[in-house]
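1. Sequence and predicted structure are below.
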Amino acid sequence: MRIFNFSAGPAVLPEEVLKCAAAEMMDWHGSGMSVMEMSHRGREFTGIAEKAEADLRSLLGIPADYKVLFLQGGAIAEFAFVPLNLLGGRRSADYVNTGEWSKKAIKEARQYCAARVAASSEDRAFTYVPERAGWELDPNAAYVHVCTNETIGGVEFHFTPDTGNVPLVADMSSHFLSRPVEVSKYGVIYAGAQKNAGAAGLTLVIVRDDLLDRAAPITPSVFRWKEQAENESMVNTPPTWAIYVAGLVFEWLLAQGGLAATERRNIEKSALLYDFLDRSSLYRNPVDPVDRSRMNIPFRLQDAALDEAFLKGAKEHGLIQLKGHRSVGGMRASIYNAMPLAGVQALVDYMKEFERRHA
């Protein structure tokens, strides 16, 4: 029996994708091989990779002057690869600090450049996104970096900031493919796949062509975006299985009506949970309503002594991975694309029952 898995990542995958991967595990399309056994340069796998890229371009409407890279190392590795690839001789970059993942990106970037904090929401415990008008941007910065959905704090950008002539770089890991994005407003978009796009081990990087010549000389070839683009993400052996699974997810999203339809479903799911939280006397969500994430919804019980009982009861109801991140505590429900509305409804029903017994 399948349970409802609210893990922040690796996260729930569509059942259709899991069933397809299972059916093709031993023999992909009559090849006599598993995808895991294929040469990454063979006809079979290059076809898988080409279709995955084409489907991703279709989903996001990626312009022709952007490269799509299938890389390894996770979004955390990109915290270093962004400055290595984009400084282009400049000494500084601007960062907007909206939570734990922004802080990690800033800390990593400071090994390579002066990472200026142009705006921060730390003054209110990272419960909001600073308004663009208050950002103190340097027009000579190499780029402006934002984390557009903070997985831990549950804060999401619901606007695309205008950074003028300075390239906008976005870590979209935890809401990638959850809604349409105007890619042309960004210089670089990157995301770990294990939230909405597939299995752990794959990192997606979308980079505008004119930014490919900025890498510092010390950048290793395998982490140099231009070299990976010129070699179709195959400077080294790519994460073949993860690319295959991502391709299945892209197919599934297209079959579900694309990202506009996906966004409508995500709005419905998140509204169901937020509406209950806002009416509750036992639970609360700390995030400014205009900046609440549709993907990651943290909440706390008024009495933290009830946390263990809540989690134990949730597990008995088939609702798992609801414990909040160790750095902030409390609870967190991650309701990515593959989480059905029925899963969110089951969570709300359990929370109502728990409240009746403990309010």
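-> Everything's here; your move.

2. for this protein, which helix is longest?
-> helix 258-279 (DSSP state H).

3. Is there a neighbour count for E136? I'd like the number.
-> 9 (other Cβ atoms under 10 Å). In this view, the C-beta of every residue, glycine as well, is placed from N, C-alpha and C.

4. please renumber so the chain begins at 45
-> From this message on, residue numbering opens at 45, which makes the last subject E180.

5. ok so it is a strand residue?
-> No - read with DSSP: H, G, I helix; E, B strand; the rest coil, E180 is coil and lies in no strand.

6. Can you pull out the low-pLDDT segments for this structure?
-> Flagging of the chain using pLDDT under 70 yields the residue ranges 45.

7. Could you list the domains of it?
-> As given by automatic domain parsing, the domain ranges for the chain are 48-57+302-402, 60-299.

8. and the first one, how far out from the chain's middle?
-> Read it as domain 48-57+302-402. 18 Å (Cα atoms, centre = their mean, to the nearest Å).

9. SS state for H369?
-> The three-state assignment at H369 reads coil, by three-state DSSP.

10. how would you label P342: helix, strand or coil?
-> Recorded secondary structure, P342: strand (three-state DSSP).

11. That one contacts R376, correct?
-> Yes - using Cβ atoms under 8 Å, P342 makes contact with R376 at a distance of 4.6 Å.

12. Next, show the common contact partners of the two.
-> 196, 198, 368 (Cβ atoms under 8 Å, 6 or more residues apart in numbering).

13. For the residues you listed, which entry has the maximal number of neighbours?
-> G198 (28 neighbours).

14. Please work out which residues outside stretch 120-134 touch it.
-> Stretch 120-134 is touched from outside by 115, 117, 137, 148-149, 152-153, 155-157, 159, 184-187, 189, 211, 213, 215, 231-232, 234, 247, 249, 251, 255, 257-260, 262-263, 267-270, with contacts defined as Cβ under 8 Å, 6+ apart.

15. quick one on the thing from earlier: and the next element down the chain from the longest helix of the chain?
-> Going down the chain from helix 302-323, the next helix or strand is strand 327-328, by DSSP states H and E.

16. Show residues contacting that next one.
-> 320-321, 343-346, 395, 399.

17. Also stretch 164-181?
-> With Cβ under 8 Å, 6+ apart as the test, stretch 164-181 has contacts from 138, 140-144, 162-163, 188, 194, 197, 199-203, 205-208, 210, 330-332, 334-335.

18. just the buried members of the residues you listed?
-> Using 16 or more other Cβ atoms under 10 Å as the burial test, these include 138, 140-144, 162-163, 188, 194, 197, 199-201, 205, 207, 210, 330-331, 335 as buried.
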